[in-house]
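Colleague: Quick one, fold the following:
(2 chains)
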Protein chains: 2
Amino acid sequence: MNASNTTDSAAERAQDFVNNARLQSSIAALAAFGGRDDGGVSRETLTPIDLAARRHLIDYARSLGCEVMIDDCANLFFRRSGKTEQSPVLTGSHADTQPIGGKLDGAYGVLAGLEVIAALNDAGISTIRPIEVVAWTNEEGSRFGPGTMGSSAFVTPSLLTSYRQSVDKDGIVMGDALDAALKEVPDVPRRAMAEPMDAYVELHIEQGPVLERANAALGVVTGIQSVLWYRVVCTGMAAHAGTTPMNERSDAMAAAVAIASQLYARAEQEAASNMRLTLGRWHVSPNSINTIPGEVEFTIDVRCVDASVLVRFERFLQDLTTQHAWRGRIVFETLFRREPTIFPQDMRDLIDIACTRATQAAQRGLPQHLTSGAFHDAMYLADHCPTGMIFVPSKDGISHNAAEETAPADLTLGVQALAYTIVELANR
Amino acid sequence: MNASNTTDSAAERAQDFVNNARLQSSIAALAAFGGRDDGGVSRETLTPIDLAARRHLIDYARSLGCEVMIDDCANLFFRRSGKTEQSPVLTGSHADTQPIGGKLDGAYGVLAGLEVIAALNDAGISTIRPIEVVAWTNEEGSRFGPGTMGSSAFVTPSLLTSYRQSVDKDGIVMGDALDAALKEVPDVPRRAMAEPMDAYVELHIEQGPVLERANAALGVVTGIQSVLWYRVVCTGMAAHAGTTPMNERSDAMAAAVAIASQLYARAEQEAASNMRLTLGRWHVSPNSINTIPGEVEFTIDVRCVDASVLVRFERFLQDLTTQHAWRGRIVFETLFRREPTIFPQDMRDLIDIACTRATQAAQRGLPQHLTSGAFHDAMYLADHCPTGMIFVPSKDGISHNAAEETAPADLTLGVQALAYTIVELANR
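Modeller: Purely as a prediction, here's the structure:
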């Protein structure tokens, strides 16, 4: 730390005031809400444990001098005033988890933002623009679909009407859960959706193995992969496994395996373009050991930074399903389509400077530039204001799992890079 | 009908006295127990509706002058005395159905036996040996596993101990259901298991398309295919579909599809040996659209009349699973193994004569000789006494379905062939 060096910029001083011990303790404190014996966290959105965690965050933010606000989608905003009332610089992430998640996915980004505010307080730094930290509602989408609900509704408020209709497995309607969450915080004033933001920077664990493999402590995220989700339905005829000769069959599983096999082969052909193909969800009917499957449904998740690869993929899928010769029927439909997100070059440049300074001080290698394979709230914010993302490594690439882990030193480097970036943006 | 021609043999006269109208009405009467609006029947083993159907059968058999007996597995025997006390000729099938089955699978064979007795009564024929009609308990195995419980326990009574432990989806124990069924018929004396039988002949619908395609009204069953059931488990590593590069994956579904694809290709290579391959039951974990499957389990049902084909198949499966190159693990285990059943040539010859006489009188083509792809109670009886089977066609090859159907004329031809066969055997 060279905080006493008064020739350093505010961004540099903010970076150097990030406090590793305080960061670790704030992560541990939030992880206690829904904490599991195996080190994981179960804190699905808008559950009682999530509401308690929200109250904890409100109290912590206020202890740092923040003003707290909430919007109609229960997104929580913690605001540190600037010297002006110009549009704020926003950082943060989400505090909800998968049914069984870790203590870092989402939570880290929210607590990193609050640590930046604490560091600014310690360093006595005032910024021109206000700085806001956000905890988006329901990024995971595991309880109420779809995911990234809070951030997408903030950017496009008209989405909220349909989101409120979502129902969880216990029959609880999202709108009711939302109203209950809002009623829990009568002391927190409402803020409008879609308010102008000067910039958004999200710090997150990578959830993949790229940084770890490269032995890089920090990653500059260049964008988020394009994603296509399909459902393929093969409809044949269920029949007795023993009595039906092979040439009389209309076996939906044989058709599905043939299609799947060619899709995997296609992914190998596209290895150079780094296309990612997952056939994750299968439903076989009647799913009986001695009955020929009459219907097989499976999903395709295909992602690539290069959208043209996905255009080619869809054409391939179209040809494959229409040309497959058998007695049955194959149809596919698009479930979800998201064009690639490319973060602006000036945001990437600024984040690269911030990461480079942090990693050099720690005698670690240069930051790695990479695309995000996962969705993030930043995907929607990129439609609203200049947006960027910083990644820290995930041990063994694991997330959505109690075993999710990142070295504490890397977590601190991530917050240092965030602090630098935020202060630079807030003083522009 | 030429019943007045006194130069005909007893077998010929029995055949000619089979009464189509009475047969149809007895099929309709039994189908009313568990009858559905769609023409199907829901009469799973030892349910209240099955117990009511059993009482109906007891009453009907007694009205034909039969003595009724029951054994420890609740198999019901309807006995028509012979001129001697030599071991009886047995016919019959089962009266239980799949959760949603048809009115013929099983029931037809039981009612055909009773129709033979009615025809013998009408024709005033006495046979040397007694003739017994059996309704085996729980052939289907859908409520309590395994199937063909009654016939296998009759032949091997020691099996009953483990069968009694079987539990249905509502937690009802097979042994308790069995005791309740026995208590329902205090008027029916108990008979020993494994009693000697002179021969067993079972008449059944084909449950496949072979006879219909050949336009044959009757089939002489040469044997029952050998069957192997396996479970294959591919264990990889569940991971995020977006963040995990293709070359870092241990995708259990990609492995399972590769294995399945080669198994289907193998079945094509074995087309000449008429091997039948079904990959019917699949379980994918975690089965989420955006998660790489961490574990995929699927079943293999493979059948062939030629047991050596299945020996080759198992060696192929062994090589395939051990040689598949990936990061994960593939294991397979045998769930069930049944060697082929070959019915004795003299039983097939006799049945061929019986079928030929019936079809010629009806100006239909010669009976077709074929193997059974499905299991039948006859499979176990073949270990107990000389056994044979007669098939009638299944419309569109459909069974285990409300749409199960056979032309009434063909049903009558089947009972005619059965009558001839039974009387010839009973007078040996």
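Colleague: contacting residues around stretch A:58-67?
Modeller: Residues from elsewhere that reach stretch A:58-67, judged by Cβ atoms under 8 Å, 6 or more residues apart in numbering or on different chains: A:26, A:29, A:68, A:76, A:78-81, A:114, A:117-118, A:121, A:133, A:185, A:188. Where you see a C-beta, it was placed from the backbone N, CA and C, and this is true even at glycine.
Colleague: Also stretch A:29-43?
Modeller: Against stretch A:29-43 from outside (Cβ under 8 Å, 6+ apart): A:47, A:49-50, A:52-53, A:56-57, A:60, A:95-97, A:99-103, A:107, A:110-111, A:401-404.
Colleague: Buried subset of the residues you listed as a ChimeraX selection?
Modeller: A single ChimeraX command selects the buried members of those (16 or more other Cβ atoms under 10 Å in any protein chain shown):
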select /A:47,49,50,53,56,57,60,95,96,97,100,101,102,103,107,110,111,401,402,404
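Colleague: ok, now how distant is A:Gly150 from A:Ile49?
Modeller: With the distance defined as Cβ to Cβ, to the nearest Å, A:Gly150 ends up 17 Å from A:Ile49.
Colleague: circling back: pick the one among the contacts of stretch A:58-67 closest to A:Lys395.
Modeller: Nearest to A:Lys395, judged by Cβ to Cβ, of the contacts of stretch A:58-67 is A:Ser26 at 20.2 Å.
Colleague: Give the closest residue to that closest one in space, chain neighbours not counted.
Modeller: Among residues not flanking A:Ser26 along the chain, A:Leu111 sits closest, at 4.7 Å (Cβ to Cβ, 6 or more residues apart in numbering or on different chains).
Colleague: Tell me the secondary structure at that neighbour.
Modeller: Counting by DSSP: H, G, I helix; E, B strand; the rest coil, the backbone at A:Leu111 sits in helix.
Colleague: ok, now the one 4 residues further on?
Modeller: With three-state DSSP as the basis, A:Glu115 sits in helix.
Colleague: And the one 3 residues further on, by the same measure?
Modeller: Reducing the assignment to helix, strand or coil with three-state DSSP, the entry for A:Ala118 is helix.
Colleague: Can you verify my assumption that it contacts A:Ser25?
Modeller: No: using Cβ atoms under 8 Å, A:Ala118 makes no contact with A:Ser25, being 11.1 Å away.
Colleague: what's the residue nearest the centre of chain A in contact with, if anything?
Modeller: In chain A, the residue lying closest to the centroid (Cα atoms, centre = their mean) is A:His376, at 2.9 Å. With contacts defined as Cβ under 8 Å, 6+ apart, A:His376 is in contact with A:Ser93, A:Glu139, A:Thr148, A:Glu202, A:His204, A:Ile224, A:Met389.
Colleague: So what pairs up with A:Leu90 in the strands?
Modeller: For A:Leu90, the beta-bridge partners under DSSP bridges are A:Glu132, A:Tyr200.
Colleague: follow-up on the earlier one: comparing A:Ala118 and A:Ser25, which residue is more hemmed in?
Modeller: Comparing A:Ala118 with A:Ser25 by other Cβ atoms under 10 Å in any protein chain shown, the one with more neighbours is A:Ala118, at 24 against 12.
Colleague: If you drop the residues flanking it in sequence, what lies closest to that one?
Modeller: A:Ala118 sits nearest to A:Leu64 (Cβ to Cβ, 6+ apart), 5.5 Å away.
Colleague: Also A:Arg54?
Modeller: Nearest to A:Arg54 is A:Leu76, by Cβ to Cβ, 6+ apart, at 6.1 Å.
Colleague: Next, the one you found: phi, psi?
Modeller: phi -100, psi 130 (degrees, to the nearest 10).
Colleague: separation between it and B:Val423?
Modeller: 88 Å.
Colleague: Tell me which of the two has more neighbours.
Modeller: B:Val423 (28 against 25).
Colleague: hey, C-alpha coordinates of the helix or strand hosting the more buried one in PDB?
Modeller: Using DSSP states H and E, B:Val423 sits in helix B:408-426. Extracted in PDB, the C-alpha atoms of helix B:408-426 (Å, rounded to 0.1, in the frame of the first residue of the first chain):
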ATOM      1  CA  PRO B 408     -63.500 -61.500 -34.000                       C
ATOM      2  CA  ALA B 409     -63.100 -64.200 -36.700                       C
ATOM      3  CA  ASP B 410     -59.400 -64.600 -35.900                       C
ATOM      4  CA  LEU B 411     -60.200 -64.800 -32.200                       C
ATOM      5  CA  THR B 412     -62.500 -67.700 -32.900                       C
ATOM      6  CA  LEU B 413     -60.000 -69.400 -35.100                       C
ATOM      7  CA  GLY B 414     -57.500 -69.200 -32.300                       C
ATOM      8  CA  VAL B 415     -59.900 -71.000 -29.900                       C
ATOM      9  CA  GLN B 416     -60.600 -73.600 -32.500                       C
ATOM     10  CA  ALA B 417     -56.900 -74.400 -32.800                       C
ATOM     11  CA  LEU B 418     -56.600 -74.500 -29.100                       C
ATOM     12  CA  ALA B 419     -59.600 -76.800 -28.700                       C
ATOM     13  CA  TYR B 420     -58.100 -79.300 -31.200                       C
ATOM     14  CA  THR B 421     -54.700 -79.200 -29.600                       C
ATOM     15  CA  ILE B 422     -56.000 -79.600 -26.000                       C
ATOM     16  CA  VAL B 423     -58.300 -82.500 -26.900                       C
ATOM     17  CA  GLU B 424     -55.500 -84.300 -28.800                       C
ATOM     18  CA  LEU B 425     -53.200 -83.900 -25.800                       C
ATOM     19  CA  ALA B 426     -55.800 -84.900 -23.300                       C
END
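Colleague: Check for me that A:Arg79 belongs to a helix.
Modeller: No: counting by three-state DSSP, A:Arg79 falls outside a helix, being strand.
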